[in-house]
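Novice: Can you look at this prediction? I've put the sequence above it.
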Amino acid sequence: MIINLPTNLERQVTHRYNANSFKLHKLPVPRPGQVLGLVGTNGIGKSTALKILAGKLKPNLGKFNDPPDWQDILKYFRGNELQNYFTKILEDNLKAIIKPQYVDQIPRAVNGIVEDLINNKSEKSNKDDMIDVLDLKDVLGRQVKELSGGELQRFAIAVLHVR
């Protein structure tokens, strides 16, 4: 079930990596003294949302070719609780803490197409089983740097098991 989906999917974009990637619509609103958790399937923007809320990634509002500056971003969120939140992040009056996933470092160490990399590391006869069990068929043709956090985890597990 999708909750609070924007009615205009072209206008209400918080972040997008490129023309062929997913669009992140809206952000959860962190509140002081409360824990915020995000749950969902792979590749829907959980890690991206957390990076934005932690101040590690500047939301581009869907303008990946010409990203807005912070003044435009704050203007976009005017009247929303996130305007105050981002202002505090920018002024270092607020620290957001996220549990790091080191799988996001994999694209820095490994470059290439998922299927090619798995094939190159494969020393056992279980490659096809690993791809099937870890549900990697849909990402085989993609670059490692394009994978979501969950997809990176499954890719790393597959590489370890085929060696």
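Specialist: It's in.

Novice: most remote residue from this structure's center?
Specialist: In the chain, counting by C-alpha atoms, centre = their mean, S125 sits farthest out from the average C-alpha position, at 32.1 Å.

Novice: give the contact list for the most centrally placed residue in the chain.
Specialist: Residue closest to the mean C-alpha point of the chain, counted by C-alpha atoms, centre = their mean, is T48 at 3.3 Å. For T48, the set of contacting residues under the criterion of C-beta atoms under 8 Å, 6 or more residues apart in numbering consists of H15, L24, L57. C-beta here means a position set from N, CA and C on the backbone, and glycine is covered the same way.

Novice: is it true that the last one touches G45?
Specialist: Right, the one you point to is L57. No - at 11.1 Å, L57 does not count as touching G45 under the criterion of C-beta atoms under 8 Å.

Novice: quick one: common contacting residues for the two?
Specialist: Going by C-beta under 8 Å, 6+ apart, residues that sit against L57 and also against G45 are H15.

Novice: These two: which has the busier surroundings?
Specialist: Neighbours were counted for L57 and for G45 using other C-beta atoms under 10 Å; G45 has more, 22 against 14.
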